[in-house]
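I would like the atomic coordinates for the input below:
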Amino acid sequence: MRLAFLIVVLVPSWAFAEPNLRQEDPRVDSAAEVIELSVEPAPLPSPLLKYRFWPSAAETRRGNAALPIATATGQHQMLQANWINAIGTERAWSDDKHILLAVERLNELDWAEELSVEDLKLARRLMGASSHQVFIPIDEAAGNDFADWGHWDLVRNESLQKVIETLLPVQQESRSVARYLELKFRLAVYEGNVPEAVKALRTQFRLGYHIANSPFIVSRLVGAAICSEAVDACPYLIQKGGGKNFYYAFATLPDPLIDFKPAIEAEFGLAQRAAGWPDRDKFDDLNETQWRANYLSRSRDLLDGGYSSGWNISELARSNSALRNLEVGLYVGLRAALQYPRAKKILIDEGIDQAKIDDMPVGEVIARVQYEATQRLLQGELAKLYLAPHRHETKARTGINSLTAAEAFVTIPPAIRLLSPATAQIRHSGVRLDAKIAALKTIEALRAYAAAEGSWPESLDDIKIVPVPENPRTGRPFSYRLEGGVAVLEAAISSRAKLNKVYRLRLIDTEKESD
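Sure, this is the predicted structure:
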C-alpha cells in the first residue's frame, strides 16, 4: 500500500523539465526562462482549421487506444535489433547499443542550431528503423476515440495490491515512445514539412491524453508530461514553420488538456479504503471485541506500510513471531493511549453525551472522529481546491494545510495526510500545461495582428482579429509590452519563478503569401 501513495505524491523530476534556452533579461526574475524567437507575421490560415493539434470527430474511430499503445511500448527489444542492423558501427556513436540512446541524443541537441548532415542521416535512419514497431500502432492509437486501461475496474473491484502491481509498466514506457515522436517532429521541422510536424504533435498530444485516461494521479502526471514536452516544442514550429499560423490549431486542444479531478477523487477513495474502517452504517452494530480487532488490524497495516510515525519493527522481531507480536502490541497500545483521549474530547466538544462516549469501545471513538474529519476534508476543503477555478484555490489550500496540521495524528488517516498537501501541486501541474498553451496561442494572436497591421500591437487590447486567451492561473491576459521593436510576453504559469517563461519576439521582415 505504501508504494501507491509514494508514487502519487512524489512528482517525477522529468514531469516538467525546462528547455535549455535560458538567457538574461533585466526586466524579469533571473530564474525565469527567456525564449528568444525570430518570427514572421502569420495570417490566419484558410480554412481556419487547416492545421489541427487535435483530430476532429470525423477523423477518429471507435477503438481502444490502450491496445496499440501497449503494442508500441512492448517493441523496444526489436527496435534495438533493428537499430544495430540499420546503423551498424560506422557512426561516431557506435558505442550506443540502444536505439533510445541515439534518440535521446538527437532530441537533446540545441534547437537554436541546425542539425549536422550526419545528424540528419541518423534521424532519417532512426525513422526508418522505428516506423513499423512504433509509428504504425501509435498513429492508430491517435485515431482511436477512447483508452480503457482496465484501471477503473481495478479501483472498483480488485484488491489494492493488484492496483499497485498493474499501475506503472505501460505508463512508464510510453515516455520512450513519446521521444520517437519528438524526433519525428524535429526532423519534419528541419525539412520544412509542416503537415508532418503538425501530425507528430497531434499524435503526441493524443498519446499523453490517452495515457492520462486513468483513475491514478501518476498516470495523469505522465500524460501531462508527454503533452508538456509537445507544447515545449511548439515555439520552434512557430519560428521555423514558414509563416504559418497555429492559433486555431491550439484552439482545437481540449481545455483542460489533462483533467486531474477524476484521479484526485479516485485516489482519495483508495485512501479511505486503506484506512480500514468498517462501513459507516455498521458502526453501531460492532461489539467491543470486533472494534478491538479492527483497531489492531488497522494499526498493523500502518506499521507494515511504513505509516507508523517513526516506529519500526526491529530486525530481530522480523524473524521472531513472538517478539514481533510484543512490539506490535506495544505500538498499538501506545497509539491508542495517545489518540483516544484527544478523540474523546473532540466528540464531547461536538456535543455528544459523555456517558454515551464512555460506553463506546476505544476503536469506535477513534474511528468515528477519523471518519467524520475525513469526510469534512474530502467533501469540503479539498472539493474547494479542485472544483473551484484555479485562481480562487489559495484560501482552500490554506484551509487544508491548517486542518491537517491541527488534527493530523488523531483525526486524519496517514494515507490521506500524505495525499492532501500534494493535491495543490498536482493540480498546478495541469494548470501550468494549460497556461503554456494559452501563452503560445497568444503569440499566434500577436502574429496574426502583425500580418494584418504590419507591426506588433501596442497592447493586447488592440487585437481584434481573434480572442486573446486568458492565463488560466489568473483569469487575466498575460503581461505584454513593447521594447523597441521587440514584443515581450511574460507567461506567469507558476508561482515558482524558474517555471515561468518570457517570450521575446522579433519580427522577420519577409513577405509571405497567406495560406
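
in stretch 240-257, what's buried?
240-241, 243-253, 256-257 (16 or more other CB atoms under 10 Å). To be clear about C-beta, it is placed using only N, CA and C from the backbone, and glycine gets the same treatment.

and which of those is nearest to Gln171?
Leu257 (16.9 Å; CB to CB).

show me the contacts for that closest one.
205, 208-209, 224, 227, 430, 433-434, 437 (CB atoms under 8 Å, 6 or more residues apart in numbering).

Nearest to Val488 among the buried residues of stretch 240-257?
Tyr247 (19.2 Å).

what's the neighbour count on the closest residue to the closest one other than its chain neighbours?
Nearest residue to Tyr247, sequence neighbours excluded (CB to CB, 6 or more residues apart in numbering): Glu444, at 3.7 Å. When neighbours are counted by other CB atoms under 10 Å, Glu444 registers 24.

Secondary structure element for Glu444, which one?
helix 414-453 (DSSP states H and E).

tell me the average confidence for that helix?
The average of the pLDDT scores along helix 414-453 is 87.

list the buried ones in stretch 192-207?
For stretch 192-207, by 16+ other CB under 10 Å, it's 194, 197-207.

Let me have those in a markdown table, extended by secondary structure, distance to Ile357 and pLDDT.
A markdown table is the format used below for the buried residues of stretch 192-207 (DSSP: H, G, I helix; E, B strand; the rest coil; distance: CB to CB, whole Å; pLDDT from 0 to 100):
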| residue | secondary structure | distance to Ile357 | pLDDT |
| --- | --- | --- | --- |
| Val194 | helix | 72 | 96 |
| Ala197 | helix | 68 | 96 |
| Val198 | helix | 66 | 98 |
| Lys199 | helix | 66 | 97 |
| Ala200 | helix | 64 | 96 |
| Leu201 | helix | 61 | 98 |
| Arg202 | helix | 61 | 98 |
| Thr203 | helix | 61 | 97 |
| Gln204 | helix | 58 | 97 |
| Phe205 | helix | 56 | 98 |
| Arg206 | helix | 56 | 98 |
| Leu207 | helix | 55 | 97 |
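
how does the protein divide up, domain by domain?
Structural domains annotated on the chain: 52-243, 268-422, as defined by automatic domain parsing.

Going by mean pLDDT, which of those domains comes out lowest?
domain 268-422 (a mean of 74).

mind checking the end-to-end distance for that one?
12 Å (CA to CA, to the nearest Å).

Could I get the contacting residues of the closest residue in space to Asn213 that isn't next to it in sequence?
The shortest distance from Asn213 to any non-neighbouring residue, by CB to CB, 6+ apart, is to Ala147 (4.4 Å). Going by CB under 8 Å, 6+ apart, Ala147 touches 64-66, 69, 141, 209-211, 213.

Where helices are concerned, which of those residues count?
The helices, defined by DSSP state H, take in 66, 69, 141, 209-211 from those.

Quickly note the distance from the most centrally placed residue in the chain to His428.
Nearest to the mean C-alpha position of the chain, counting by CA atoms, centre = their mean, stands Leu221 at 2.4 Å. Distance of Leu221 to His428, given as CB to CB, to the nearest Å: 11 Å.

Equivalent analysis for Lys261, please.
In terms of CB to CB, Lys261 sits 13 Å off from His428.

Lys121 too?
Counting by CB to CB - Lys121 and His428 are separated by 42 Å.

out of the two, which sits in the busier spot?
Higher neighbour count among Lys121 and His428: His428, with 23 against 13, using other CB under 10 Å.

Can you tell me the closest non-neighbouring residue to that one?
Ser494 (6.8 Å).

circling back to that earlier point, past the helix holding Glu444, which element shows up next along the chain?
strand 479-483.

Could you tell me how far that following strand lies from the centre of the chain?
30 Å (CA atoms, centre = their mean, to the nearest Å).

re earlier: tell me, what's touching Lys261 and His428 both at once?
Common neighbours of Lys261 and His428 (CB under 8 Å, 6+ apart) do not exist.

before we move on, back to that, let's see which of the buried residues of stretch 240-257 end up in helices.
240, 247-251.

Using JSON lines, please lay out those together with distance to Glu267.
Formatted as JSON lines, these follow (distance: CB to CB, whole Å):
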{"residue": "Lys240", "distance to Glu267": "41"}
{"residue": "Tyr247", "distance to Glu267": "36"}
{"residue": "Tyr248", "distance to Glu267": "35"}
{"residue": "Ala249", "distance to Glu267": "33"}
{"residue": "Phe250", "distance to Glu267": "30"}
{"residue": "Ala251", "distance to Glu267": "31"}
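
farthest pair in the residues you listed?
Lys240 and Ala251 (21.3 Å).

quick revisit: show me how far the helix holding Glu444 is from its chain's centre.
With CA atoms, centre = their mean, you get 11 Å for helix 414-453.

cool, stretch 487-500 as well?
For stretch 487-500, the distance to the chain centre is 19 Å (CA atoms, centre = their mean).

buried stuff in it?
Here stretch 487-500 shows 487-494, 499-500 as buried, counting by 16+ other CB under 10 Å.

could those residues go into CSV alongside secondary structure and distance to Gln379?
Formatted as CSV, the buried residues of stretch 487-500 follow (DSSP: H, G, I helix; E, B strand; the rest coil; distance: CB to CB, whole Å):
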residue, secondary structure, distance to Gln379
Ala487, strand, 46
Val488, strand, 44
Leu489, strand, 40
Glu490, strand, 38
Ala491, strand, 35
Ala492, coil, 32
Ile493, coil, 30
Ser494, coil, 28
Leu499, helix, 31
Asn500, coil, 34
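
Closest one to Arg506 out of the residues you listed, please.
Ala487 (8.0 Å).

Please report how far the closest one lies from Thr474.
20 Å.

in what helix or strand does Gly192 lie?
Here Gly192 is assigned to no helix or strand, by DSSP H and E.

Return the list of strands paired to the helix or strand hosting Leu37, each annotated with direction.
Assigned by DSSP H and E, Leu37 falls within strand 33-39. Paired strands of strand 33-39, with direction, are strand 501-507 (parallel) (DSSP bridges).

Show me where this structure has its strands.
All strands of the chain, identified by DSSP state E, fall at 33-39, 61-64, 144-146, 479-483, 486-491, 501-507.

How about Arg202: what's its closest non-neighbour residue?
Phe53 (5.3 Å).

Repeat that for Arg432.
Nearest to Arg432 is Ile493, by CB to CB, 6+ apart, at 4.9 Å.

Contact partners for the one you found?
Contacts of Ile493 by CB under 8 Å, 6+ apart are 431-432, 435-436, 439, 471, 473, 499-501.

go on, Leu237?
Counting by CB under 8 Å, 6+ apart, the residues that Leu237 touches are 185, 189, 194, 197-198, 201, 246.

Can I get those residues in TSV including distance to Ser116?
Conversion of these to TSV gives the following (distance: CB to CB, whole Å):
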residue	distance to Ser116
Phe185	18
Val189	16
Val194	22
Ala197	20
Val198	25
Leu201	24
Phe246	28
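
mind listing the helices in the stretch 201-350 of the chain by residue range?
217-240, 247-251, 261-275, 288-305, 315-318, 321-349 (DSSP state H, counting those that start in this stretch).

how about TSV for the ones you listed, with distance to Lys356 added?
Formatted as TSV, the helices of the stretch 201-350 of the chain follow (distance: least, CB to CB, whole Å):
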stretch	distance to Lys356
helix 217-240	40
helix 247-251	60
helix 261-275	23
helix 288-305	15
helix 315-318	39
helix 321-349	9
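
Understood, closing this out.
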